[in-house]
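Chemist: what shape does this take:
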Amino acid sequence: MHNQKELFHLPDYVLVHPNLAEDPMGKQGSIGLLTYALINRDEFYVGFENEEVGIYDAAALLILKDADSIFRYMDVYKDHLTEYEQNALISIGLLEMYAENSEYQKEAFHIVLQQPSLTDAVLLSIEARLQLNTGPKIGR
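Modeler: Next comes the predicted model:
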């Protein structure tokens with residue numbers, strides 16, 4: 001079976017859900033490199049800085065929402081956000097905008113980890129992403 005990561009346009013970096021109940025790797029809240037994905041088997045291989053590799057399901061891994069969603073959230077809730085949260089959202093949104101397969105994704109995750117109140121505003125699980133995208137993108 002071949003790697004389906006590119007087929008489903010999954011990002012390079014992911015965040016292991018900070019509240020993951022059972023994680024044999026003990027990597028809750030860690031940023032890892034998504035190296036291999038078998039969507040139909042719900043297996044996502046994530047490499048970490050210490051060269052360990054963990055296999056996770058789609059619900060256990062978080063990715064960044066697109067920049068438009070982040071900026072829309074900021075616009076809707078601006079009266080309820082602190083200045084620090086607004087600045088963090090702007091930074092995360094800009095990093096995501098330029099994060100296409102780059103280290104910027106890691107930097108955005110670091111900001112989210114410092115500001116956990118924004119987790120729901122800027123992150124979604126791979127499982128949710130795959131449900132939004134009903135299949136691989138075809139075309140140019």
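
Chemist: please make it C-alpha for all contacts and neighbour counts, starting now.
Modeler: Fine.

Chemist: pretty sure residue 25 is touching residue 54, no?
Modeler: Yes. Taking Cα atoms under 8 Å as the definition, residue 25 is a contact partner of residue 54 at 6.5 Å.

Chemist: compare these two and say which is more crowded by neighbours.
Modeler: Higher neighbour count among residue 25 and residue 54: residue 54, with 18 against 11, using other Cα atoms under 10 Å.

Chemist: wait, that one touches residue 46, no?
Modeler: Yes. Between residue 54 and residue 46 a contact is recorded at 5.3 Å, counting by Cα under 8 Å.

Chemist: helix or strand right after the longest helix seen in the chain?
Modeler: The single longest helix within the chain, with elements called by DSSP state H, is helix 83-97. Once helix 83-97 ends, the next helix or strand along the chain (criterion: DSSP states H and E) is helix 104-114.

Chemist: which parts of that next one are buried?
Modeler: 104-110, 112-113 (16 or more other Cα atoms under 10 Å).
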